[in-house]
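In: let me see the structure of the following:
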Amino acid sequence: MATINASGTPQLTVMWYALLPGEDVVVLNATRGLVKERNLRRDPRMSLCVEDGMRYVTLEGRAELIEDRAQQEREVNALIAPRYIGQRLGSNRWQVIEGSDRVGIWMHLDKVHARGL
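Out: Purely as a prediction, here's the structure:
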């Protein structure tokens, strides 16, 4: 995930993500107060690059920050965590992170560039 620092340079972070079913929206979740959140509050433009060997897709869009914790819990447990740790463990992932102050990120897609797909 890339955001734009105040200096105009890119800020890059490896992130777990999922696609929102039936929407052109990528769902992410992060700890509140990190550089990526501050950058997105100042400038909502962001991008993601997902690679698979020599193939990749780059997504460009704008962020909508999700403050509702119940919504964040549903998205983490039902969409994001199961992609990475399976349905059994992922469906309870929020219990591991609920003690931290979180912010949801919806990336509304504006442009998609694919190579080798």
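In: distance from the chain centre to the worst-scoring helix or strand of the chain on mean pLDDT, please.
Out: Of the helices and strands making up the chain, the lowest-confidence element is helix 94-97, at a mean of 82, by mean pLDDT, DSSP states H and E. Here helix 94-97 is found 17 Å from its chain centre; the criterion is C-alpha atoms, centre = their mean, to the nearest Å.
In: for that helix, give me every contacting residue.
Out: The contact list for helix 94-97 (C-beta atoms under 8 Å, 6 or more residues apart in numbering) reads 29, 72, 73, 76, 77, 81. (Each C-beta comes from the backbone N, C-alpha and C, glycine too.)
In: and what of stretch 11-19?
Out: So stretch 11-19 is in contact with 1-5, 25-30, 35-36, 39, 48, 75, 79-81, 83-84, going by C-beta under 8 Å, 6+ apart.
In: of those, buried ones?
Out: If you count burial by 16 or more other C-beta atoms under 10 Å, the buried members of the contacts of stretch 11-19 come out as 1-4, 25-30, 36, 39, 48, 75, 79-81.
In: the longest strand along the chain pairs with which strands?
Out: The strand that spans the most residues within the chain, counting by DSSP state E, is strand 102-115. Partner strands and pairing direction for strand 102-115 (DSSP bridges) are strand 25-31 (antiparallel), strand 55-66 (antiparallel).
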